Each structure stands twice: as structure tokens, then as C-alpha cells.
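*Asks:* How does the following fold in three dimensions:
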Amino acid sequence: MARTTHISSQLPRRFHGPYSSHWYNAVRLCLPALLILATSCDHNVLVQSVTTPRDICINNVRQMEAAKEDWARRTGATGGTEVTSNSITSFFTNGFPKCPEGGRYEIGRVGEPATCSDPKHQVPHE
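*Replies:* Now for the predicted structure:
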């Protein structure tokens, strides 16, 4: 009686095993091309940039709130303590921010939100 061998025993090792799937090979070959395409996309298409004066102002107000909280934590100030622009200016690398449309920033007290005098620049608090 002739001894028969299975076809997989005659093939090189690379054609069977956990990575023999056609899907695995397709992903392995296409993934680098997809990564190259993704990195070559325009950055503004992928990430919304902050360019309008309103967005810049709201970003400034949020940074002031964060600086105020950091100042309060470092100095041990409690809720209701008045905070001045001189107190938190050192937290900004380019000096205290200015509203791009001439609004006036009100820093407020610890625990209260900072605001801009321009009514269009109100921060949407969640």
C-alpha cells in the first residue's frame, strides 16, 4: 500500500501557520501605503484650526482659567480670592493675552469663570 503525504507537508513552512491568511498578507502589504497617504494629507483637513478671532479669544479665556487654577493651587488661595493679571502673567510665555477684537478680559475670583467683555466671545461652559 502506497503511503500518501498531505500537501501541506510538501510546502515550505511560510505557506501555512498562523500568518498564512490572504487577509493578513493584504493588510501587511497595504498598510505602509495607507500610512504614507495619511501622513501626506493636509493637516487642516484632519484637524480644525483655531483661526477666527472668537475662537482665539475663547482659547485665551480658557488659558486664563487654567492659569488662575494653577496659581490658586500653588499659592494656596481659596475660592473667592481675587486674582489679578499680574498674578498670572508669569504663566504665559508671550505675556498676558489680549482679545483679538479689543475686548477686555475679566479674570475674576478663584472658582469663577474668566470672561471677555465682547458678548460674541462668551465661553461655552459644559
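*Asks:* lowest average confidence, helix or strand, in the protein?
*Replies:* When each helix and strand of the chain is scored by mean pLDDT, DSSP states H and E, helix 43-46 comes last, with a mean of 54.
*Asks:* wait, what's in contact with D118?
*Replies:* 57, 99, 101-103 (C-beta atoms under 8 Å, 6 or more residues apart in numbering). Bear in mind the C-beta positions are built from the backbone N, C-alpha and C, glycine included.
*Asks:* Of these, keep whichever come out buried.
*Replies:* 57, 99, 103 (16 or more other C-beta atoms under 10 Å).
*Asks:* Tell me if I'm right that F96 and T89 touch.
*Replies:* Yes: between F96 and T89 there is a contact under C-beta atoms under 8 Å: 4.7 Å.
*Asks:* Let me see the ranges of the helices in the protein.
*Replies:* Assigned by DSSP state H, the chain shows helices spanning 22-40, 43-46, 53-75, 85-88.
*Asks:* Which among those is found nearest to G111?
*Replies:* Closest approach to G111 among the helices of the chain is made by helix 53-75 (8.3 Å; C-beta to C-beta).
*Asks:* Show me what that closest one packs onto, helices and strands only.
*Replies:* helix 85-88, strand 105-106, strand 115-116 (3 or more C-beta pairs under 8 Å, 6 or more residues apart in numbering; DSSP states H and E).
*Asks:* Walk me through the regions of the protein where pLDDT falls short of the threshold, as ranges.
*Replies:* 1-24, 38, 40-50, 125-126 (pLDDT under 70).
*Asks:* okay, now the domains of it?
*Replies:* Domain assignment for the chain by automatic domain parsing gives 7-43, 53-121.
*Asks:* Perfect, I'm done here.
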